[in-house]
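In: Build me a model:
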Amino acid sequence: MRGSRRQFIAATAGGLAGILAARIPPALGQTREISYLCWNNFAPLSDKKLAEIGPRFTKDTGIKIRINHIAAPQQAAKYASEVQSQAGHDLVEMRMHVPWLYEPQLIDVSDLVADLEKKYGKVVSAGYEAAHVKGVWRAVPQYHTVFIAAYREDLFKKAGLKTPDTWEDLYKVGRELKKMGNPVGIPISQNFDSISTGSAVMWCYGAREIDKDGKTVKINSAQTAEVIEWYKKMYRDCMEPEVLSWTDASNNESLQQGKAGWIHNPVSAYIVARDQKLVTADSINHHQSLAGPSGRHDVDAPRSIGIWKFSKNVEPAKEWIRYLLGKKDVYDEYIMSGGGFNQPAFTKLQDHPVLKTDPKLAVLRGEGVQYHTYGWPAPASDKVQLITNSFILPNMIAKAVTGTSTKDAIAWAENEMKKVMAG
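Out: Down below sits the predicted model:
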């Protein structure tokens, strides 16, 4: 039955008795509902847990929540579409420096972060760099994910190989793995894993995309040339051409399916193999991130939750964040469901029980590793995120390994980055 405006006013004025008398359902004016856009987590049990938490949130608060998931490559276009139309989800999960890119479109959530920091300690550095924009929290740090090395322990033992300590060591090991039919699995394509490995190698060799002033493009250097030459020989002697078309899931799948002998990735490849009882699970292990002439560096990938300014449900949206992240038992449950892929975004929670659930997760403590977000040593900015979105670094490497000269590949990247910085 469709009620008139007069009936609705009378019903809401008269409370439950009025609603019943007018035969108008409470949803017409009483129910609050929010929508939350997430990515498809590489730890699937984390998404399953989120689906369990949602109905409990509704039961406890009376706020309905619709949780949608999309693949990571689709997120950039989805954000842009929602901002352009000023319509879509109330809350959005954001990776790396996306809050910087959409700063004008995100509400100030400093109140939420302040409350969380009182409970859990300061936000970890990666989370701060990603979501604290020009003195204002534009998103709430949710969790962070570090990159490490994952390898087939059985293959290494069979060939008498030692786990590599440096990227140069990996080349020596990789040649043997490829001879065994188990090549190194490093993507050189338009995805985030390609940027993560490329960034780690660059930092370890002393190369950088943007200088620490956040303005000067520094990709054209002898150190970058050294990185390119390393990639060329790795691609030629240790990998297969399929890496040029890989997605973010491909290296995981290659290791899980028994093909790749070594990959650079978070722990998701292992925990999925373990949880799904794949035959390769027992043989997959991890070791410390690799080093280079300029030290041992790796990527820390933070994720945070923002609320669009166009949302008509800001306060209910805030309640979801308070529930998911602010209720310690719920946040612990959520972190545990990720099996080590999702690590807490706050300093007092870094020795989280999830790290003790499996001895193969010990490497996540990251001892001796310097972790950074993309663009380091440049400070976080919207320009850094635009360079990420343009996949300039992996495209430079792809050009070089497929025939473009090192000099020309670097010159192309330098020109593209300068365009971004000047825009």
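
In: Just the buried positions in the host helix or strand of residue 228, please.
Out: Element membership for residue 228 (DSSP states H and E) is helix 222-238. Buried residues in helix 222-238, defined by neighbour count with 16 or more other C-beta atoms under 10 Å: 223, 224, 225, 226, 227, 228, 230, 231, 232, 234, 235, 238. C-beta coordinates here come from the backbone N, C-alpha and C atoms, glycine included.

In: how far away is the last one from residue 263?
Out: Plainly put, residue 238 is 12 Å away from residue 263 if you go by C-beta to C-beta, to the nearest Å.

In: and residue 51, how many neighbours does it have?
Out: Number of residues near residue 51 (other C-beta atoms under 10 Å) recorded here: 11.

In: Touching, it and residue 66? I think so.
Out: No - in this structure, residue 51 is not within contact of residue 66 by C-beta atoms under 8 Å, at 11.1 Å.

In: Give me the buried positions along the longest strand belonging to the chain.
Out: Ranked by residue count and defined by DSSP state E, the top strand of the chain is strand 295-307. Buried residues in strand 295-307, counting neighbours by 16+ other C-beta under 10 Å, are found at 296, 297, 298, 299, 300, 301, 302, 303, 304, 305, 306, 307.

In: How far does stretch 256-270 sit from its chain's centre?
Out: Here the centre of stretch 256-270 is set off from its chain's centre by 17 Å, with C-alpha atoms, centre = their mean, to the nearest Å.

In: which residues does residue 379 contact?
Out: Residues in contact with residue 379, defined by C-beta atoms under 8 Å, 6 or more residues apart in numbering, are 129, 212, 214.

In: Walking through the stretch 151-300 of the chain, point out its strands one by one.
Out: Assigned by DSSP state E, counting those that start in this stretch, the strands in the stretch 151-300 of the chain fall at 184-185, 262-265, 284-287, 291-292, 295-307.

In: need the next SSE after the longest one, C-terminal direction.
Out: Pointing back at strand 295-307 there. Following strand 295-307 in sequence, per DSSP H and E, is helix 314-321.

In: Which elements pack onto that next one?
Out: Contacts defined by 3 or more C-beta pairs under 8 Å, 6 or more residues apart in numbering; DSSP states H and E place helix 314-321 against strand 32-39, helix 44-61, strand 63-70, strand 91-95, strand 295-307.

In: For the ones you listed, give me CSV that also has mean pLDDT.
Out: Shown next, in CSV, are the helices and strands packed on helix 314-321 (pLDDT from 0 to 100):
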stretch, mean pLDDT
strand 32-39, 96
helix 44-61, 97
strand 63-70, 98
strand 91-95, 98
strand 295-307, 98
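
In: where does the stretch 101-250 of the chain have low pLDDT?
Out: Filtered on pLDDT under 70, the stretch 101-250 of the chain yields no residues whatsoever.

In: is it true that residue 78 lies in a helix?
Out: Yes - under DSSP: H, G, I helix; E, B strand; the rest coil, residue 78 falls within a helix.

In: check contacts around it.
Out: 37, 70, 88.

In: swap in residue 409?
Out: With C-beta under 8 Å, 6+ apart, residue 409 has these contacts: 228, 396, 397, 399, 400.

In: Tell me the predicted confidence for residue 31.
Out: Looking at residue 31, its pLDDT reads 71.

In: these two touch, right, it and residue 58?
Out: No - Residue 31 is beyond contact range of residue 58, at 9.9 Å (criterion: C-beta under 8 Å).

In: Next one: residue 155 from residue 177, what distance?
Out: 7 Å.

In: An error on my part: the question was meant for residue 409.
Out: Counting by C-beta to C-beta, the separation of residue 409 from residue 177 is 26 Å.

In: And stretch 391-401, what's buried?
Out: Along stretch 391-401, these residues count as buried under the neighbour rule (16+ other C-beta under 10 Å): 391, 392, 393, 394, 395, 396, 397, 398, 399, 400, 401.

In: circling back: as a markdown table, the strands of the stretch 151-300 of the chain with distance to residue 357 would be great.
Out: Output for the strands of the stretch 151-300 of the chain, formatted as a markdown table (distance: least, C-beta to C-beta, whole Å):
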| stretch | distance to residue 357 |
| --- | --- |
| strand 184-185 | 26 |
| strand 262-265 | 19 |
| strand 284-287 | 14 |
| strand 291-292 | 28 |
| strand 295-307 | 21 |
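
In: quick one: which of the ones you listed is nearest residue 75?
Out: Taking C-beta to C-beta, strand 295-307 is the member of the strands of the stretch 151-300 of the chain nearest to residue 75, at 10.7 Å.

In: Listing partners with orientation, what would you give for the closest one?
Out: According to DSSP bridges, the neighbouring strands of strand 295-307, each with its direction, are strand 91-95 (antiparallel), strand 140-146 (antiparallel), strand 291-292 (antiparallel), strand 370-372 (parallel).

In: what's the offset of the longest one from the middle of its chain?
Out: Strand 140-146 sits 8 Å away from the centroid of its parent chain (C-alpha atoms, centre = their mean).

In: what do you get for stretch 115-124?
Out: With C-alpha atoms, centre = their mean, you get 20 Å for stretch 115-124.

In: Mind listing what's buried along that stretch?
Out: 116, 117, 120, 123, 124.

In: So this protein: which segments form each domain?
Out: 1-30, 34-146+301-356, 148-288+391-422 (automatic domain parsing).
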